[in-house]
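S.K.: what would the 3D arrangement of this be:
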Amino acid sequence: EMCIRDRYMGVSTQSTWGQPHITNLNEDPLLTGKVVYYLNKSQTFVGKKNGNPMPDIILGSVGIKPNHAVFSHEEGVVYIEAADQEAGESTFVNGQALQEKRKLEHNDRVIFGTNTVFLYQDPEKIQHKKHDEPLEIDWEQAQTELLMQTDKIRQQQQQEQEMIQKQQIAEKMKEYETQYQAEKQKQDELIKKQQEDYMQKIKEIEEKLKKETEIREMEIQKKEAQRQFEELQAMNEAAKIQIELEIEKKKKEIMEEETRKQYKQKEIKSLEHKLAKYMPKITELNLIARELHRNVTFSVKLAYYYTETNQMHLEDEKKASKIKLQIQVYNREESQTYVWDTDYFMNRYYLIKELLEQYFEAGKLEIPSKEDDPFWDPPQPHLIGLAYMKLAPLGYLMDSPCDLSIVNEKGQIGLLQVNLIPTDDKFEVNLAEDDDILVEDPRDLLNNRLNFSVYVDQALLPEHHCTDTFVEYALMNEEEHIQTFKTKIVYGKTNKPTYKSVTNHFYQVISEKILSYILDHNICFKVYGHPDTTIMPPQTTPFSKTFTQPKTIPQVDQSQNASQKPKNCLLYTSDAADDLLCVDLGGRRIIKKKK
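M.R.: Sure thing, here's the model as predicted:
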């Protein structure tokens, strides 16, 4: 058994120990150094088992080409070279992509594909190292090095962008300063000319005053000239102040724009960190889906989360929003779209990798049932849009019948007919129609009872997103807690659903907090429905953005699916390390199966 294993790995256990070689680095320290490939041949090929020529080092992980790379042993020096440009982009030496033939040094880190990591060992540098002595570099150091190189390139690009922005701001400030100085000089010249004209007029008047018969008339003319000069001087000063105010306003706008850009860059930097963590796994799952012949595509979705209070305009909501990364799944086999949070995605990630391992081990493709299929989820309702209404009219016992605009990230996409009706204790009489009841100051309601009904009549929705719709909203209850309410579901596809939903509410005693909530807050109506399954997105979808609420929309309980009885996994020994894919998947986690 030892001879067969050594011949498969290109190993001669005693005589070749002094030869240059590579050994594996694994996320599990117990599996590190269990695989050794000696590079004593003039050329050692790397690739999949179907490569031509047959590779000496056979890898089975995602991202490896049939003929991927080659190690060259030339006069005691080992070189590595990618088979082509595409293979070089997925081969890294010390964190840098392999663009050309490169000489290997002792302890160089070589990464193939997404997760196959080796450490190059030079026998001249390890003469005094024992055969079973631990390696100086581990898997985590190699991965950290790759991430640091990626971050370094991104930081350089960001610094260049910031430098360009600073130069643009400096040029704008210089332009406005030049404009201000030109306007100021123009005003100064005008004032100087007016002063000269005034002095000339005064001089002429003084000459005329020498004549006694014209003294009174000259005095009047002098006063009139003085008045006109003062008016002109006041007008010029006002114009000068106006110009200065406009310049200051433009400067303030520039600074505010710069502040918004800095906040946006900070938000983008945080998002890039998350993308660096999840994008490789999303790419890997797309490759696995293709390998398993599954018509399922994974992509990134950016969701905007914000609070429901005081958010009446979509533009204001965008300024107060926070981006959350989600994973959108297009299952074209079932004509369904799912949205997974990152925790749920990671659970499905390991289940799908386990399915791939079973496929490689069995050598044939077996489609599991829907309950055991990690690519499938039951249909879930999607948030169509939001509609906002002020609660303030209730503070004056006024009803509010209106057609609210339903909005999302695309703007207005529909209408919702609702009404807030103040009522008597039996919820039968609309108090707004009683002329004898008049509330001029909402504080008159303090320590009194308030009854009202929320009436959701009907809606006008987009044609492609109007199946099995319902409306949900939240209000502060009598215990001063936010409580969620929902209308009935209108089953079937219709873009004009009729809900006719009336929900009665009351506050037994209106406190200061409840009154403040009524006067300052809005009620947010959230319209849910299922998309038209006949309209599926294209095969490749760019990043998508949507506006959602921090509260969970009705959907299948994912945490319940992720908390079932775990399945026992095998712990692979060094003998099992011949198959690197097994080493990557085996013995490190207990993968939770979906029910």
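S.K.: so which helix or strand takes in the residue nearest to Asp425 when sequence neighbours are not counted?
M.R.: Nearest non-adjacent residue to Asp425, counting by C-beta to C-beta, 6 or more residues apart in numbering: Asn451, 6.0 Å away. C-beta here means a position set from N, CA and C on the backbone, and glycine is covered the same way. Per DSSP states H and E: Asn451 is located in strand 450-460.
S.K.: in terms of secondary structure, what does that strand contact?
M.R.: strand 411-423, strand 467-476, strand 498-507, strand 522-530 (3 or more C-beta pairs under 8 Å, 6 or more residues apart in numbering; DSSP states H and E).
S.K.: try it again at 6 Å.
M.R.: strand 411-423, strand 498-507 (3 or more C-beta pairs under 6 Å, 6 or more residues apart in numbering; DSSP states H and E).
S.K.: which residues are contacting the shortest one?
M.R.: When you say that, I think you mean strand 498-507. Around strand 498-507, the neighbours that count as contacts under C-beta atoms under 6 Å, 6 or more residues apart in numbering are 427, 450-456, 458, 478, 485, 487, 514.
S.K.: off-centre distance for whatever helix or strand Gln200 lives in?
M.R.: Element membership of Gln200 [criterion: DSSP H and E] is helix 139-208. When distances are taken as C-alpha atoms, centre = their mean, to the nearest Å, helix 139-208 is centred 34 Å away from the chain's centroid.
S.K.: just checking, what packs against that helix?
M.R.: Against helix 139-208 (3+ C-beta pairs under 6 Å, 6+ apart) you get helix 215-291.
S.K.: and for Lys486, the neighbour number?
M.R.: By other C-beta atoms under 10 Å, 16 other residues sit near Lys486.
S.K.: check contacts around it.
M.R.: By C-beta under 6 Å, 6+ apart, the neighbours of Lys486 are 470, 472.
S.K.: partners of it in the sheet?
M.R.: With DSSP bridges as the criterion, Lys486 is bridged to Glu472.
S.K.: any idea how far it is from Tyr330?
M.R.: 28 Å (C-beta to C-beta, to the nearest Å).
S.K.: one more: Phe452?
M.R.: Applying C-beta to C-beta to Phe452 and Tyr330 gives a distance of 43 Å.
S.K.: more crowded one of those two?
M.R.: Phe452 (24 against 20).
S.K.: quick one: pLDDT of the closest residue to the more buried one other than its chain neighbours?
M.R.: Nearest in space to Phe452, with sequence neighbours left out and distances taken as C-beta to C-beta, 6+ apart, is Pro422 at 4.9 Å. Predicted confidence (pLDDT) for Pro422: 93.
S.K.: equivalent analysis for Arg7, please.
M.R.: So, for Arg7, pLDDT stands at 34.
S.K.: before we move on, back to that, need the contact list for the residue nearest to Asp425.
M.R.: Counting by C-beta under 6 Å, 6+ apart, Asn451 has contacts 423, 425, 506.
S.K.: can you redo those residues as a markdown table with distance to Asn94?
M.R.: Below are the contacts of Asn451 laid out as a markdown table (distance: C-beta to C-beta, whole Å):
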| residue | distance to Asn94 |
| --- | --- |
| Thr423 | 74 |
| Asp425 | 78 |
| Phe506 | 70 |
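S.K.: closest one of those residues to Ala474?
M.R.: When the contacts of Asn451 are compared for distance to Ala474 (C-beta to C-beta), Phe506 wins out at 16.5 Å.
S.K.: what is the burial count for the closest one?
M.R.: Phe506 has 14 nearby residues by other C-beta under 10 Å.
S.K.: that's a strand at Glu105, yeah?
M.R.: No - using DSSP: H, G, I helix; E, B strand; the rest coil, the assignment for Glu105 is coil, not a strand.
S.K.: tell me, how many residues neighbour it?
M.R.: Residues near Glu105, counting by other C-beta under 10 Å: 13.
S.K.: from Leu461, how far off is it?
M.R.: With C-beta to C-beta as the criterion, Glu105 and Leu461 are 64 Å apart.
S.K.: next one: Phe118
M.R.: Applying C-beta to C-beta to Phe118 and Leu461 gives a distance of 56 Å.
S.K.: and Leu119, how many neighbours does it have?
M.R.: Residues near Leu119, counting by other C-beta under 10 Å: 23.
S.K.: strands paired with whichever strand or helix holds it, and their directions?
M.R.: Assigned by DSSP H and E, Leu119 belongs to strand 116-121. The strands beside strand 116-121 in its sheet (DSSP bridges) come out as strand 21-25 (antiparallel), strand 109-112 (antiparallel).
S.K.: how about the ones you listed in JSON lines, adding distance to Gly492 and mean neighbour count?
M.R.: Formatted as JSON lines, those follow (distance: least, C-beta to C-beta, whole Å; neighbours: other C-beta atoms under 10 Å):
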{"stretch": "strand 21-25", "distance to Gly492": "57", "mean neighbour count": "22"}
{"stretch": "strand 109-112", "distance to Gly492": "53", "mean neighbour count": "23"}
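S.K.: as JSON lines, the ones you listed with mean pLDDT and distance to Leu404 would be great.
M.R.: Compiled in JSON lines, these are given as follows (pLDDT from 0 to 100; distance: least, C-beta to C-beta, whole Å):
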{"stretch": "strand 21-25", "mean pLDDT": "93", "distance to Leu404": "59"}
{"stretch": "strand 109-112", "mean pLDDT": "92", "distance to Leu404": "55"}
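S.K.: distance to Val418 for those strands - can I get that in TSV?
M.R.: Converted to TSV, those look like this (distance: least, C-beta to C-beta, whole Å):
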stretch	distance to Val418
strand 21-25	61
strand 109-112	58
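S.K.: out of those, which comes closest to Pro55?
M.R.: Closest among the strands paired with strand 116-121, using C-beta to C-beta: strand 109-112, at 11.2 Å.
S.K.: how about the closest one as CSV, C-alpha atoms only?
M.R.: Taking C-alpha atoms only, strand 109-112 is exported to CSV below (Å, rounded to 0.1, in the frame of the first residue of the first chain):
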residue,chain,number,x,y,z
ARG,A,109,3.5,29.8,-1.0
VAL,A,110,1.8,28.4,-4.1
ILE,A,111,-2.1,28.5,-4.3
PHE,A,112,-4.0,26.7,-7.1
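S.K.: relative to the whole chain's centre, how far out is that strand?
M.R.: 30 Å.
S.K.: burial measure for Lys513, as a count.
M.R.: By the criterion of other C-beta under 10 Å, Lys513 has 10 neighbours.
S.K.: SS state for it?
M.R.: Per three-state DSSP, Lys513 ends up helix.
S.K.: what separation do you get for it and Met279?
M.R.: For Lys513, the distance to Met279 - C-beta to C-beta - is 45 Å.
S.K.: before we move on, back to that, bridging residues for the residue nearest to Asp425?
M.R.: With beta bridges defined as DSSP bridges, Asn451 has these partners: Thr423, Phe506.
S.K.: what about the one helix or strand Ile518 maps to, average pLDDT?
M.R.: Counting by DSSP H and E, the element that carries Ile518 is helix 512-520. Averaged over helix 512-520, pLDDT sits at 92.
S.K.: do the same with stretch 398-413
M.R.: Here the average pLDDT along stretch 398-413 is 88.
S.K.: C-alpha coordinates for that stretch, PDB please?
M.R.: Output in PDB follows, covering the C-alpha atoms of stretch 398-413 (Å, rounded to 0.1, in the frame of the first residue of the first chain):
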ATOM      1  CA  MET A 398     -59.700  63.700  11.700                       C
ATOM      2  CA  ASP A 399     -59.900  60.800   9.200                       C
ATOM      3  CA  SER A 400     -57.400  60.500   6.400                       C
ATOM      4  CA  PRO A 401     -58.900  58.900   3.200                       C
ATOM      5  CA  CYS A 402     -56.300  58.900   0.500                       C
ATOM      6  CA  ASP A 403     -54.500  57.000  -2.300                       C
ATOM      7  CA  LEU A 404     -50.900  56.400  -1.200                       C
ATOM      8  CA  SER A 405     -48.100  56.000  -3.600                       C
ATOM      9  CA  ILE A 406     -46.300  52.700  -3.400                       C
ATOM     10  CA  VAL A 407     -42.600  53.200  -3.900                       C
ATOM     11  CA  ASN A 408     -39.400  51.100  -4.100                       C
ATOM     12  CA  GLU A 409     -35.900  51.800  -5.400                       C
ATOM     13  CA  LYS A 410     -37.400  52.300  -8.900                       C
ATOM     14  CA  GLY A 411     -39.700  55.100  -7.700                       C
ATOM     15  CA  GLN A 412     -43.500  55.000  -7.700                       C
ATOM     16  CA  ILE A 413     -44.800  51.600  -8.800                       C
END
